[in-house]
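1. From the sequence below, what's the structure:
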Amino acid sequence: MIKEQVALITGGASGIGAGIAKRFARAGARIALCDIDEETGRATAQAIGEKARFYKFDISSEEEVDNIIKKIVEEFQTIDILVNNAGITNDKLLIRMTPDDWRRVLDVNLTGTFLVTRAVARIMLKKHYGRIINIASVIGLIGNAGQANYAASKAGVIAFTKSCAKEFARRNVLVNAIAPGFIKTRMTDKLPEEIQSNYLKLVPLNRFGTPEDVANLALFLASDQASYITGQVITVDGGMVM
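-> Prediction:
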C-alpha cells in the first residue's frame, strides 16, 4: 500500500501520532518521526526500528520547520505522506482565558499545521504526488465548553484542509482530515474519571477509541485505495457525532 514511501508524522512521540507511525511502518513506509518531546520521540523511533528516524522541532517556529524539512529531504530524498498530528490543549473557561492561552494553542495546532504543510507541499506539488492527512477533532465540529481555543484551532484545521484540497488537487496531492472523538491516550488518561464517564455516555458504541482506530483510517487515506478522496473530514468517534 505505502511500501517504501516516506511519511513525516508530527507529534509522533506518543498517542495517536505514535500509533500512526507504527501502523505505517508495518505497512512498509519509512518514518520521519517529529516531536518536541525528544526523549519519548527517540524511544518511539527506536521501538519502530531502522525504518524510523526522529527529528526534534517546534512546529510553531517557521525557522525550525523549514530547517528540519530540508534535513528530512536530504536524508530520505523525498516526502510522500504528511500527517499533521501535533497539537496541544490549554483548557479554561473563556472569561478566564488569557490572550497567551489562546495564542499558544492556535500557534501550535493551526499555525504549526500551516507551516509544515507549506514546506512539504512544495515538495509534493513539484513531483505531482502526495498525501496530506490533518488530525482535527470532533471538538472542531461541535465545540466544547472550556475549549474555545482548542475548538477554534481544530475548526481552522478543517477549513484549512478543504482549502488545500482545492488548491492541490490538480497536482495529485490529496488532503483530508480525520476528526477523532475520545481516544485513549496519555493526555486523555489524565482527565478525572467523572469527565471520562460523562464523555462515554455520548458514545453509542460505549467504548473509547484507540490510536490504532485512527491509524487504520490514516493508512487507508495514505494509500492508493483512497486516490479519489480529497477534501473530506472523517470522524473516528464511535458514533459520537452523526
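
2. got the CA coordinates for stretch 16-31 in CSV?
-> C-alpha atoms of stretch 16-31 as CSV (Å, rounded to 0.1, in the frame of the first residue of the first chain):
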residue,chain,number,x,y,z
ILE,A,16,-2.3,9.0,18.0
GLY,A,17,0.9,10.1,16.3
ALA,A,18,2.9,7.1,17.6
GLY,A,19,0.0,4.8,16.6
ILE,A,20,0.0,6.1,13.1
ALA,A,21,3.8,5.9,12.8
LYS,A,22,3.8,2.2,14.0
ARG,A,23,1.0,1.3,11.6
PHE,A,24,2.7,3.0,8.6
ALA,A,25,6.0,1.2,9.4
ARG,A,26,4.2,-2.2,9.5
ALA,A,27,2.9,-1.3,6.0
GLY,A,28,6.4,-0.8,4.8
ALA,A,29,6.8,3.0,5.0
ARG,A,30,9.9,4.8,6.1
ILE,A,31,9.1,7.2,9.0
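
3. how far does that stretch sit from the chain's center?
-> Relative to the chain's own centre, stretch 16-31 is displaced by 13 Å; criterion: Cα atoms, centre = their mean, to the nearest Å.

4. And for stretch 193-208?
-> Counting by Cα atoms, centre = their mean, stretch 193-208 is centred 23 Å from the centre of its parent chain.

5. Kindly check the end-to-end length of that stretch for me.
-> From the first residue to the last, stretch 193-208 extends over 13 Å; the measure is Cα to Cα, to the nearest Å.

6. how about that stretch: buried residues?
-> V203, F208 (16 or more other Cβ atoms under 10 Å). Just so you know, the C-beta spots here come from the backbone N, C-alpha and C atoms, and that holds for glycine as well.

7. And the spatially most central residue of the chain, its phi and psi?
-> For the chain, N85 is the residue whose C-alpha lies nearest the centre (Cα atoms, centre = their mean; 1.8 Å). Phi and psi for N85, reported as degrees, to the nearest 10, are phi -110, psi -20.
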